[in-house]
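# sequence first, then the predicted structure, then my questions.
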Amino acid sequence: MITNVLIDVDNTLLDFNKCAEAAIKTGFLKWNIEYSEKVFPVFLEVNDSLWRKIETGEIDKKTLYQLRWKTIFERLGINADGPTFEQDFRNIFSDSKEPVDGAYELLDYLSAKYIVSVASNASYQQQLKRLNNADMMKYFANIFNSEQIGYPKPESKFFDACFEKLGNISKEEVMIIGDSLSADINGGAAYGIKTLWFNYDKASVPNHVKADFIVNSLDEIKNIL
C-alpha cells in the first residue's frame, strides 16, 4: 500500500516551460535582444540535452550554467555573453510560480492521504523560492534535492537518501510522480518503487516506457492514488 509520494517540480507542479519562456522574454528585453519564435525551441533542445548529461554524471550544474546560454546564443547567431545572461535568466526565473493545470487540486488531494515529498534535481534555493512563491511548501513533508543529497535522480544514492529520511520504509509504500522518463520513471523503476509518468507534453508514448502508470493530466492521478 502506498503511504509516501515523491513528486517532481518542473513540468509536474510548476510549469517550467511557461516560466522559462517568460523569463527569457524578460531577459531579452533587458539586454535589448530581439526575441523570435526560434528562441524557445532552441532553448528547450539545449537545456534538455544538458540536463540529461547531469543525470548521467557527465557534467555538473556549474558546467550547465556555463554552457547553456553560450550554446543557445551560438546556435541562434546572437552576439551576447552567455554565462552573464545565464545569471540574469536564473534570477528572473527564480521569481516564477506558474502552476501546471490542476497542481493545487492534486496537492490538496495527495497531502490529505499520503506523506508528500519533493524530489528535484534543480537548484535547491531556486526551487524553495518558487515553491514558496506558489504557496506550495505547506504540502510537503520533505524537500529532497540533488544539491543537498549530493547525487541526482536517477542515481540509486539519491533514492537511498530519500528512504533514509523516510525511515527506511518498504519500497512498496512509495510512488514517484514526474515528467522525466530518465530521471523520475527509469530512476524510480530501477530502484524498485512504483512510478507514475505525467506526460506533460502529451507526446506519443515510447515503447520503452517503464512507468507503472501514465497520465496526460494531473487530475487523472486521483483515479490511481
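On my side now, so go ahead. Bear in mind the structure is a predicted one, so any value in this text is a computation, not a measurement. Residues are numbered from 1 along each chain as shown.
# can you read off the backbone torsions of the closest residue to S111 other than its chain neighbours?
Nearest residue to S111, sequence neighbours excluded (C-beta to C-beta, 6 or more residues apart in numbering): Y139, at 4.5 Å. Where C-beta positions appear, they are placed from N, C-alpha and C, glycine not excepted. According to degrees, to the nearest 10, the main-chain angles of Y139 amount to phi -90, psi -10.
# one more: L166?
The phi and psi values for L166, taken as degrees, to the nearest 10, are phi -80, psi 0.
# ok, it to A119 distance?
11 Å (C-beta to C-beta, to the nearest Å).
# quick one: which of these two has more around it?
A side-by-side neighbour count of L166 and A119, using other C-beta atoms under 10 Å, places A119 first with 27 against 18.
# list the contacts of the more buried one.
A119 is in contact with L6, I7, D8, F144, K153, F158, C162, I176, G178, D184, counting by C-beta atoms under 8 Å, 6 or more residues apart in numbering.
# where exactly do the strands run in this protein?
Listed from the start of the chain, the chain has strands (DSSP state E) covering 4-7, 115-120, 142-145, 174-178, 194-198, 213-215.
# ok, and the closest non-adjacent residue to Y109?
With sequence-adjacent residues excluded and distances taken as C-beta to C-beta, 6+ apart, Y109 is closest to K222, at 5.5 Å.
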